[in-house]
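**Q** Kindly return the folded structure for what I paste below:
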Amino acid sequence: SEAIKARRLHQRLLDLGGISFHPRGLGDDQADLGYDEALDPWLRGLWKSLEKLIPSGRRPLFQYILPPTYSVRVVEEGKGSHKVQGGLCRNLSGEEVRGYGYQKMLLGRVVTNKRLTHRSNTQDVRHVEFDFSHYAKGSRKEEKGEKLIDFNPGDVLDVYPQNHKSECEKALAQLGLHPNDDIEIKLNPKAPKFLTANQPILPERVRALDLLRLYLDIFGTPRRYFFEVLANHATDPLHKAKLEEFTSPEGQLELYRYNNREKRTYLEVLTDFASAKLSLSQLVSLIPRIQPRQFSIASS
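**A** Down below sits the predicted model:
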């Protein structure tokens, strides 16, 4: 686990002659309040330890809202250019990519999708089979003699989920965007390098509908920092006070009840605190990417 790695790294630094100015902190994501349960008291102690090391007259920044990682704008409203709709785009490195950013993504046909668990069961376990026979050796003129499907036992298959189109259209209406708006995404030149380095692949141009359907996990549950940014932008005094409570160490239980236990989505939180208006650049920077689900491959 990550905690074991942290312990080993800490011990290795001590072995090399390092001096610990503050006890190490280990969080547990499975705790009731997540890793924040251990993080908050550890940070309070860290600030006190740092104050002893900081030169006289200087104080640490306890709250700092980072600039957006991306610079995002609507290029053409409601048109959806042919190039963008076609699925071929360039990522932020200038490379041509298709779909989710992999240059050799293979499209297969689902031939079997059978549920294995009873419908009354909360777990939806399925048996799924894909047909990639059209990629067989020599099946295409341009691929003659080339084997495109090659895997071994132990390899994994990444399945990328999509958000429901109808739900994305409702979300776009709430955000004031048209499904066919052309969106341009660039790295923010004013953002610190540690934010822009090794960022997940995003298309340089994409339709608004595809941005929500294929890339942004807008129906996921927000992290605590999202509420900090909202608190910084809220204009309603009641909204601002509640958001500031959520981001305080004393308000973590209340945040857990509101957010984690109820599994609030980014969209629901934006609805509840409508006075906190975030720019498109901030939304794309704060909402994480949709992550693939990995499955082991059983070779027949």
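**Q** For the stretch 151-300 of the chain, give me the ranges with low pLDDT.
**A** 298-300 (pLDDT under 70).
**Q** any idea where the strands of it begin and end?
**A** Assigned by DSSP state E, counting those that start in this stretch, the stretch 151-300 of the chain shows strands spanning 156-159, 182-187, 205-207, 293-296.
**Q** Direction included, what does the longest one pair against?
**A** Spelled out, it's strand 182-187. strand 70-76 (antiparallel), strand 205-207 (antiparallel) (DSSP bridges).
**Q** residues in contact with the longest one?
**A** Taking contacts as CB atoms under 8 Å, 6 or more residues apart in numbering, the residues outside strand 70-76 that touch it are 177, 181-189, 202, 205, 208, 279-281, 283-285. The way it works is simple: take the backbone N, C-alpha and C, and place the C-beta from them, glycine included.
**Q** same thing with stretch 179-190?
**A** Under CB under 8 Å, 6+ apart, the answer for stretch 179-190 is 67-81, 84, 92, 168-169, 172, 195-196, 199, 202-209, 211, 280-281, 284-285.
**Q** Check whether residue 165 really touches residue 212, as I assumed.
**A** No. Counting by CB atoms under 8 Å, residue 165 stays clear of residue 212, with 9.3 Å between them.
**Q** more neighbours, the two?
**A** residue 212 (28 against 13; other CB atoms under 10 Å).
**Q** Report the buried members of the contacts of stretch 179-190.
**A** Buried by 16 or more other CB atoms under 10 Å: 68-72, 80, 84, 92, 168-169, 172, 195, 199, 202-204, 206-209, 211, 280-281, 284-285, out of the contacts of stretch 179-190.
**Q** now, which of those residues lie within helices?
**A** Using DSSP state H, 84, 168, 169, 172, 195, 208, 209, 280, 281, 284, 285 are the members of the buried ones among the contacts of stretch 179-190 that sit in helices.
**Q** Please tell me how far the second one sits from residue 219.
**A** Distance from residue 168 to residue 219, counting by CB to CB, to the nearest Å: 9 Å.
**Q** cool, residue 35 as well?
**A** For residue 35, the distance to residue 219 - CB to CB - is 22 Å.
**Q** and what of residue 8?
**A** 37 Å.
**Q** out of those two, which sits in the busier spot?
**A** Neighbours per residue, other CB under 10 Å: of residue 8 and residue 219, the larger number sits with residue 219, 18 against 10.
**Q** nearest residue to that one other than its sequence neighbours?
**A** residue 265 (4.6 Å; CB to CB, 6 or more residues apart in numbering).
**Q** mind listing what that neighbour touches?
**A** Neighbours of residue 265 in contact, by CB under 8 Å, 6+ apart: 218, 219, 220, 221, 222.
**Q** was I right about residue 221 contacting residue 256?
**A** No. The pair residue 221 / residue 256 is not scored as a contact, 11.0 Å apart, by CB under 8 Å.
**Q** Between these two, point out the one with more neighbours.
**A** residue 256 (18 against 15).
**Q** All the strands of the stretch 1-150 of the chain, residue numbers only.
**A** Assigned strands in the stretch 1-150 of the chain, in chain order: 70-76, 88-90, 96-98, 109-115, 126-131 (criterion: DSSP E, counting those that start in this stretch).
**Q** list the helices and strands the last one packs on?
**A** The reference is to strand 126-131. Helices and strands touching strand 126-131, by 3 or more CB pairs under 8 Å, 6 or more residues apart in numbering; DSSP states H and E, are strand 109-115.
**Q** Go through the contacts of residue 265 and say which is closest to residue 30.
**A** Set against residue 30, the nearest of the contacts of residue 265 by CB to CB is residue 221 (15.1 Å).
**Q** which residues does that closest one contact?
**A** Residue 221 touches 259, 260, 263, 264, 265, 266, counting by CB under 8 Å, 6+ apart.
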